[in-house]
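Chemist: Give me coordinates for this.
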Amino acid sequence: MKRIATMIIMILCLSIAALPPAGASALGEAAPAAVSAANGHMALLDGSGNVWTWGRNDYGQLGNGTLENVSAPVKALEGAVAVSASERTTAAVKADGTLWMWGSNYHGQLGTGKTGDKNIYGGENEDYASDHFVAFTPVKVLENVKSVTADSVCTAAIRTDGTLWMWGDNQYGRIGNGGAGTDTDRYGWVYQRTPVEVLEDVSSVTIGADANAVAAIKTDGTLWMWGNNCCGQLGSGGTGDKTYVDEDSGAVVPYQTTPVQVLEDVAAVALGAKHTAAVKTDGSLWTWGENTCGQLGTGGTEDSNVPVKVLEGVASVYLGWNWTAAVKTDGTLWTWGWNWYGQLGNGTEEDAHSPVQVLEGVDAVGGSRDCAAALKTDGTLWTWGWNYYGQLGSGREEHILKPVRVLEGVDAAGFCQQSAAAVKTDGSLWTWGWNYYGQLGTGNFESASAPAKVLESVSDVRPAPAQEAPAGPFSDVHRSDYFCEPVLWAVACRITNGVTDTTFAPRQTCTNAQILTFLWRAMGEPEPEGEDPFTNVPETAYYAKAARWAWEEGMVEPGVFEADIPCTRGMTVSYLWQAAGRPMPGAFANFSDVPRTSACATAVDWAVEKEITNGTGDGLFSPEETCTRGQIAAFLYRDLG
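Modeler: A predicted model of the protein is given here:
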């Protein structure tokens, strides 16, 4: 019997892995091959207990002693029996029960206090105001650990005595310790930087990144939950021991900082964006929380802050963003809820408020926010839904409304929103999807919309080849990189600098405050003349003058300045065009995703005409795609260099 386990990493992922024999203990035994896919990097546990990683590494999440992205497997740890990857961290349990972690420690998610191998933010780096320690080599966190669940901002571990321990970001009380912490950051968020005991007699734990909630099942079958309860997703009647005021609606929202019992006789639980589902030991499926798209499966769209019974004879359940999938004991797969991208697999794009049968002979189901995958009992892997990055492995990048067969003979697999990996029964490793950071492990950075074999056998992994020599002072910038010359130009012109003395983090997402600061510096740092129009920008903020200048140039609105939102391609070309004096281009670019009514249409035309950028391919500009530090440097260089 194979299974799917949800990996929550800021964007939802799934893992499909072979179960150990009934009654077997994970500790002290040979580890079955398994792959964990995160947003930007992957981790492979081979049959010998070695943990191999590849892909994005700006926070040290590969654990290979550097902050440089790697496009082929590198060994991070030996003697492991379990691995869990999140967007910013990786965690592994060794056969001796010790827990080891590496990656970002900004939120205290490594559990080692406010420490790390390097502080990549803060200090003398004027582009960042807060300290950000990272560990790029594995560090021991706990002993006597049975299992671990790594989230982007917090971590949970179950010890051999059944106690649940958590640490990291405690926003909405997600650590479960009453809202306490070891310290707070400049925004007032509470962080618990060392492990604290939360519950006893715990058999499993699930972290809902999008839900900002946590669910734990005890050995007696009782389900306990805590965290955000904005839509009743805790199932506790819509209550909480604390409240906060929603900035957009002004509504008072409850959240729970200590575990509360929700149900009895629970075998499995899953968390979506704002809804929850549980399978009881009698096979009944219960759902609760938000229901705007019919994701509860009750036949209507009314929210429920208490569990309601939906189906019987259910073996397992998976929750996407606003949709639900359940496998019955007879092997049939049923889906319902939001269906914008065809993620229900029923051949339509219409929401379903009640369960609809989609497949037969299914052993396990999972997916990400907007796409789904099912592993059949015959070992075939099927996918459907959102396919922007080719992550469905169908050989094309079109959304798929009905399940398509992708691979045969599959034993284990891992999916995230942008890429996927599978281990076949013959031991070979296959990957597909987006490969910007080298997360496919193919030795290059070219994306693939169909499965490609990476390894003949996961028991015979070869280390990554030597990397190209770096250019200038940065180990993550090479002569062959398209952004190499722009980065060196930007640093020489004091437009920006590295996140450390030796790393530039070219593939790190650029924020609104950063792009405007870079542009302001590139324009000669003009002194703002008017009064400060913002209510939330301290005079000491590195972006304070840049934000005021941007307002005077008509680039941003007064009031609340959104410093930390990701900068998109549309925003970037709009800022550059406005800084250039809003010149009128001579022709239309005619991208299918930039209508003439779009606010950035003229800026896109101008940017293409000036050869600053030329779109993302297939007639698309992708105005909502986020930009990295390397991309911003390239755009500025082509415009002003």
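
Chemist: what about residue 571, which SS state?
Modeler: Residue 571 falls in the helix class when you classify it by DSSP: H, G, I helix; E, B strand; the rest coil.

Chemist: correct me, but it touches residue 515?
Modeler: Yes: counting by CB atoms under 8 Å, residue 571 does reach residue 515; the two are 7.2 Å apart. In this view, the C-beta of every residue, glycine as well, is placed from N, C-alpha and C.

Chemist: Residues that sit against both of these two, list them.
Modeler: residue 627 (CB atoms under 8 Å, 6 or more residues apart in numbering).

Chemist: between the two, which one's more packed in?
Modeler: Using other CB atoms under 10 Å as the criterion, residue 571 and residue 515 rank with residue 515 on top: 27 against 24.

Chemist: For that one, give its distance to residue 493.
Modeler: 15 Å (CB to CB, to the nearest Å).

Chemist: likewise residue 258?
Modeler: For residue 258 relative to residue 493 (CB to CB), the value is 52 Å.

Chemist: and if you look at residue 140?
Modeler: On the measure of CB to CB, residue 140 and residue 493 end up 43 Å apart.

Chemist: Those two: which is more packed in?
Modeler: Counting neighbours by other CB under 10 Å for residue 140 and for residue 493 shows that residue 493 has the greater number, 15 against 12.

Chemist: I'd say the more buried one and residue 522 touch.
Modeler: Yes: the pair residue 493 / residue 522 is scored as a contact, 6.9 Å apart, by CB under 8 Å.

Chemist: Flag every buried residue along stretch 542-554.
Modeler: Using 16 or more other CB atoms under 10 Å as the test for burial, stretch 542-554 gives 542, 543, 544, 545, 546, 547, 548, 549, 550, 551, 553.

Chemist: Now that stretch - C-alpha only, PDB.
Modeler: The C-alpha trace of stretch 542-554 is given here as PDB (Å, rounded to 0.1, in the frame of the first residue of the first chain):
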ATOM      1  CA  TYR A 542      16.400  52.000   4.100                       C
ATOM      2  CA  TYR A 543      13.700  52.600   1.600                       C
ATOM      3  CA  ALA A 544      12.200  55.800   3.200                       C
ATOM      4  CA  LYS A 545      13.600  58.300   0.700                       C
ATOM      5  CA  ALA A 546      13.000  56.000  -2.200                       C
ATOM      6  CA  ALA A 547       9.400  55.500  -1.300                       C
ATOM      7  CA  ARG A 548       8.800  59.300  -1.000                       C
ATOM      8  CA  TRP A 549      10.500  59.900  -4.300                       C
ATOM      9  CA  ALA A 550       8.400  57.200  -5.900                       C
ATOM     10  CA  TRP A 551       5.200  58.900  -4.600                       C
ATOM     11  CA  GLU A 552       6.400  62.300  -5.900                       C
ATOM     12  CA  GLU A 553       6.900  60.600  -9.300                       C
ATOM     13  CA  GLY A 554       3.400  59.200  -9.300                       C
END
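
Chemist: what does it rub up against?
Modeler: With CB under 8 Å, 6+ apart as the criterion, stretch 542-554 contacts 126-129, 513-514, 516-517, 519-521, 523, 525-530, 532-534, 537-538, 541, 556-558, 561, 563, 575, 578-579.

Chemist: swap the cut-off to 7 Å and go again
Modeler: Stretch 542-554 has contacts (CB atoms under 7 Å, 6 or more residues apart in numbering) with 126-127, 129, 513, 516-517, 520, 526, 528-530, 532-534, 537-538, 556, 558, 561, 563, 578-579.

Chemist: Stretch 61-71 too?
Modeler: Applying CB under 7 Å, 6+ apart, the contact partners of stretch 61-71 are 41, 53-58, 60, 74, 76-77, 88-90, 102-103, 136-138, 437-438, 441-445, 464, 467, 475-476, 503, 507.

Chemist: Then stretch 175-195?
Modeler: Stretch 175-195 is contacted by residues 107-108, 111, 113-114, 129-130, 141-142, 154, 165-171, 173, 196, 198, 214, 226, 242, 257-259 when judged by CB under 7 Å, 6+ apart.

Chemist: what's the answer for stretch 428-448, then?
Modeler: Under CB under 7 Å, 6+ apart, the answer for stretch 428-448 is 40-42, 44, 54-56, 69-73, 389-391, 393, 407, 418-424, 449-458, 507.

Chemist: Produce a ChimeraX select command limited to the buried residues of the contacts of stretch 61-71.
Modeler: Buried residues within the contacts of stretch 61-71, by 16+ other CB under 10 Å, are selected in ChimeraX with:
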select :41,53,54,55,56,57,58,60,74,76,77,88,89,90,102,103,136,138,437,438,441,442,445,464,467,475,476,503,507
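
Chemist: Just the endpoints, please. Distance across stretch 213-224?
Modeler: End-to-end span of stretch 213-224 (CA to CA, to the nearest Å): 11 Å.

Chemist: Now for residue 446, how many residues are close by?
Modeler: 12.

Chemist: oh sorry, the question was meant for residue 384
Modeler: 29.

Chemist: do the same with residue 599
Modeler: So residue 599, with other CB under 10 Å, has 11 neighbours.

Chemist: following the helix or strand hosting residue 519, which helix or strand shows up next?
Modeler: Using DSSP states H and E, residue 519 maps to helix 512-522. Following helix 512-522 in sequence order, the next helix or strand is helix 544-552 (DSSP H and E).

Chemist: could you give the angle of that following helix to helix 512-522?
Modeler: If you take axes from the mean of the first three to the mean of the last three CA atoms, to 10 degrees, helix 544-552 sits at 90 degrees to helix 512-522.

Chemist: what's the domain layout of the chain?
Modeler: 2-455, 484-640 (automatic domain parsing).

Chemist: which of these is buried the deepest?
Modeler: Among these, ranked by average contacts under mean count of other CB atoms under 10 Å, first place goes to domain 2-455 (a mean of 21).

Chemist: quick one: low-confidence ranges for the stretch 151-300 of the chain?
Modeler: For the stretch 151-300 of the chain, no stretch has pLDDT under 70.

Chemist: all strands for it, in order.
Modeler: 154-159, 164-169, 183-184, 190-199, 202-208, 213-218, 223-228, 242-245, 252-263, 266-271, 275-280, 285-289 (DSSP state E, counting those that start in this stretch).

Chemist: As CSV, the ones you listed with distance to residue 345 would be great.
Modeler: Shown next, in CSV, are those (distance: least, CB to CB, whole Å):
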stretch, distance to residue 345
strand 154-159, 31
strand 164-169, 34
strand 183-184, 44
strand 190-199, 36
strand 202-208, 23
strand 213-218, 26
strand 223-228, 28
strand 242-245, 37
strand 252-263, 28
strand 266-271, 17
strand 275-280, 18
strand 285-289, 18
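
Chemist: Isn't residue 375 up against residue 364?
Modeler: Yes: between residue 375 and residue 364 there is a contact under CB atoms under 7 Å: 4.7 Å.

Chemist: I'd say residue 152 and residue 85 touch.
Modeler: No: counting by CB under 7 Å, residue 152 stays clear of residue 85, with 10.3 Å between them.

Chemist: What are the boundaries of the strands in the stretch 401-550 of the chain?
Modeler: For the stretch 401-550 of the chain, the strands defined by DSSP E, counting those that start in this stretch occupy 410-415, 419-424, 429-433, 448-455.

Chemist: wait, which of those strands is closest to residue 629?
Modeler: When these are compared by CB to CB, strand 419-424 sits nearest residue 629, at 21.1 Å.

Chemist: What's the mean pLDDT across stretch 116-127?
Modeler: For stretch 116-127, mean pLDDT is 69.

Chemist: Hmm, I typed the wrong one, I wanted stretch 60-67.
Modeler: For stretch 60-67, mean pLDDT rounds to 94.

Chemist: Now do it: distance to the chain's middle.
Modeler: 18 Å (CA atoms, centre = their mean, to the nearest Å).

Chemist: ditto for stretch 433-444
Modeler: 16 Å.
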